[in-house]
Structures are given as C-alpha cells and as structure tokens.
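Undergrad: Provided below are the primary sequence and the corresponding predicted coordinates.
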Amino acid sequence: RRYFENKALGKWVSTQRAHYKVMKSNKPSCLTPTRVKLLDDIGFDWVIKSDEVWQKHHDELVVYKAKTGHCRVPNKFPENK
C-alpha cells in the first residue's frame, strides 16, 4: 500500500523493513538494535500483510511439492478453499 500524503516517509518505512530483513539474515545492515527498539517501542510493523500472505502461500507450495513432486497446482485446488 502506498502512502501518497508523504511519499518520503513511505519510502523510509519500506527501507527500514528491507534493512530489518537483511539484519535478520545475519548480514551487515545499517539498522542497529537501538533503532529496532525505537521502532518496536512505537509498535512498528516489521512485516506487512502482503508479506505474511506470500509466505503462507509459499509454505503451502512447499508442502504441495513434497506431496506431489511438482509445483503445477491446479487453478481449483480443493485443499485451499
């Protein structure tokens, strides 16, 4: 979702989330534990819903492939209704 009222703030928030992902994968990031705490203290959402939904579907696909040996899920897959 875009924040058109203050595009710079929206971009900054997106950048913080990206740096957080980098930091969580044990790679160098400019996001420090102090900065994470400051954002945590105000209730910052590190993962937006679309990321959660994407991850959920990815996890389901991993299970599907383990069961079937492929990733060719039919459009009307009954287990996901």
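TA: Great, that's in hand.
Undergrad: From here on, just use CA atoms for contacts and neighbour counts.
TA: Noted.
Undergrad: Would you mind giving both backbone torsions of residue 48?
TA: Residue 48 adopts backbone torsions of phi -90, psi 160, taken as degrees, to the nearest 10.
Undergrad: gap between it and residue 69?
TA: Distance, residue 48 to residue 69, by CA to CA, to the nearest Å: 31 Å.
Undergrad: next one: residue 13
TA: According to CA to CA, residue 13 and residue 69 sit 39 Å apart.
Undergrad: Between these two, which has more neighbouring residues?
TA: More crowded of residue 13 and residue 69, by other CA atoms under 10 Å: residue 13, with 15 against 10.
Undergrad: show me the contacts for the more buried one.
TA: Residue 13 sits next to no residue when contact means CA atoms under 8 Å, 6 or more residues apart in numbering.
Undergrad: What residues sit buried inside the helix or strand where it lies?
TA: Residue 13 belongs to helix 7-24 when elements are defined using DSSP states H and E. Within helix 7-24, the residues that count as buried by 16 or more other CA atoms under 10 Å are 16-21, 23.
Undergrad: what about the helices in the protein?
TA: For the chain, the helices defined by DSSP state H occupy 7-24, 33-41, 49-68.
Undergrad: Which one of the ones you listed lies nearest to residue 76?
TA: Between residue 76 and the helices of the chain, the shortest gap by CA to CA is with helix 49-68, which sits at 13.8 Å.
Undergrad: What distance do you get for the nearest residue to residue 30 once chain neighbours are set aside to residue 27?
TA: Nearest residue to residue 30 in three dimensions, chain neighbours excluded: residue 19, at 6.9 Å (CA to CA, 6 or more residues apart in numbering). Distance of residue 19 to residue 27, computed by CA to CA: 9 Å.
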